[in-house]
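**Q** Dropping a prediction and its sequence here:
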Amino acid sequence: MRLVFLGPPGAGKGTQSTRLQQKFNIPQLSTGDMLRAAVKAGTPVGLKAKAIMDAGGLVPDEVVVGIIADRIDEPDAKEGFILDGFPRTVKQAEALADILIKKNMKLDAVIELKVDDKPLLARIENRAQECLARGETIRADDNPEAFKKRLESYHAQTAPVSAFYAGKGALKAVDGMAPIDDVSAAIEKALAS
Ligand code: AMP
């Protein structure tokens with residue numbers, strides 16, 4: 001099973017892809033997580049990405065495409081994977097299509113979690129509070145200013161990715177405003193159809 005999860009920041013992509021990872025026993029590949037790890041490790045990619053991420057912008061396409069191309073070559077992704085937070089631009093989606101063709105692989109589905117802008121800020125504030133309660137550090141970009149920029153990046157650059165996949169007949173839209181279990185059930189239904 002090879003899946004892509006689309007949706008604005010705070011839509012629940014991470015939560016839902018973690019559930020599917022357990023169900024299908026395939027890795028969840030989050031470019032956000034990989035970039036945060038690179039920032040933490042102080043690698044050249046991390047050094048390049050940090051300021052962009054903190055400000056809520058998008059890291060250059062060639063950087064994330066390179067990361068994903070390498071990651072899906074790893075043995076644990078052989079039977080499938082869930083892409084969470086990638087592709088975020090049409091260029092990335094086209095690059096992914098090329099990579100998959102070369103590897104003789106294809107996507108099984110693209111799931112878009114649809115959530116209105118308004119509840120997203122409240123969700124992000126919640127996420128920050130939950131992090132604090134767990135004794136973790138709040139993500140540098142989980143603040144209202146960076147979040148606004150992330151949402152703008154989403155509408156300007158990532159929303160067209162949905163149209164890209166809809167044009168190929170691969171897009172399955174799911175209401176992401178429903179309670180978490182209902183969203184999971186809707187995703188399973190969409191995958192079964
Ligand atoms: P996320 O954890 O998916 O919300 O990603 C956090 C941040 O990492 C984003 O706001 C971007 O700065 C960067 N990022 C993650 N994935 C991508 C991507 N596919 N393309 C460009 N930037 C990305």
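**A** That came in fine, so what should we check first?
**Q** Can you pull the residues of this structure lying near the ligand?
**A** 9, 30-32, 35, 52-53, 56-59, 64, 85-88, 92, 141, 150 (CB under 6 Å from any ligand atom). Just so you know, the C-beta spots here come from the backbone N, C-alpha and C atoms, and that holds for glycine as well.
**Q** Counting neighbours, what do you get for Lys118?
**A** 7 (other CB atoms under 10 Å).
**Q** my hunch is that it is in a helix, does that hold up?
**A** Yes. Judged by DSSP: H, G, I helix; E, B strand; the rest coil, Lys118 forms part of a helix.
**Q** helices or strands up against the helix or strand of the chain with the lowest mean pLDDT?
**A** Within the chain, judged by mean pLDDT, DSSP states H and E, the helix or strand with the poorest mean is helix 117-133; its value is a mean of 85. Counting contacts by 3 or more CB pairs under 8 Å, 6 or more residues apart in numbering; DSSP states H and E, helix 117-133 packs against helix 144-153.
**Q** After the helix it packs on, which helix or strand is next?
**A** Next helix or strand after helix 144-153 toward the C-terminus (DSSP states H and E): helix 159-167.
**Q** and the angle for whichever helix or strand comes after that next one with helix 159-167?
**A** Note on helix 159-167: by DSSP H and E, the next helix or strand toward the C-terminus is strand 171-175. Interaxial angle, strand 171-175 versus helix 159-167 (axes from the mean of the first three to the mean of the last three CA atoms, to 10 degrees): 120 degrees.
**Q** now for strand 171-175, which elements pack on it?
**A** strand 109-114, helix 159-167, helix 180-192.
**Q** just the angle between it and helix 180-192, please?
**A** If you take the same axes, to 10 degrees, strand 171-175 sits at 160 degrees to helix 180-192.
**Q** which outside residues touch strand 171-175?
**A** The contact list for strand 171-175 (CB atoms under 8 Å, 6 or more residues apart in numbering) reads 6, 109-114, 162, 165, 183, 186-187, 190-191, 193.
**Q** now stretch 5-25, how far from the centre of its chain.
**A** 8 Å (CA atoms, centre = their mean, to the nearest Å).
**Q** mind checking the end-to-end distance for it?
**A** With CA to CA, to the nearest Å as the measure, the ends of stretch 5-25 fall 16 Å from one another.
**Q** which other residues reach it?
**A** Stretch 5-25 is touched from outside by 1, 3, 26-28, 30, 79-80, 82-85, 110-115, 117, 120-121, 123-124, 127, 147, 150-151, 154-155, 158, 161-162, 165, 171, 176, 180, 183-184, 187, with contacts defined as CB under 8 Å, 6+ apart.
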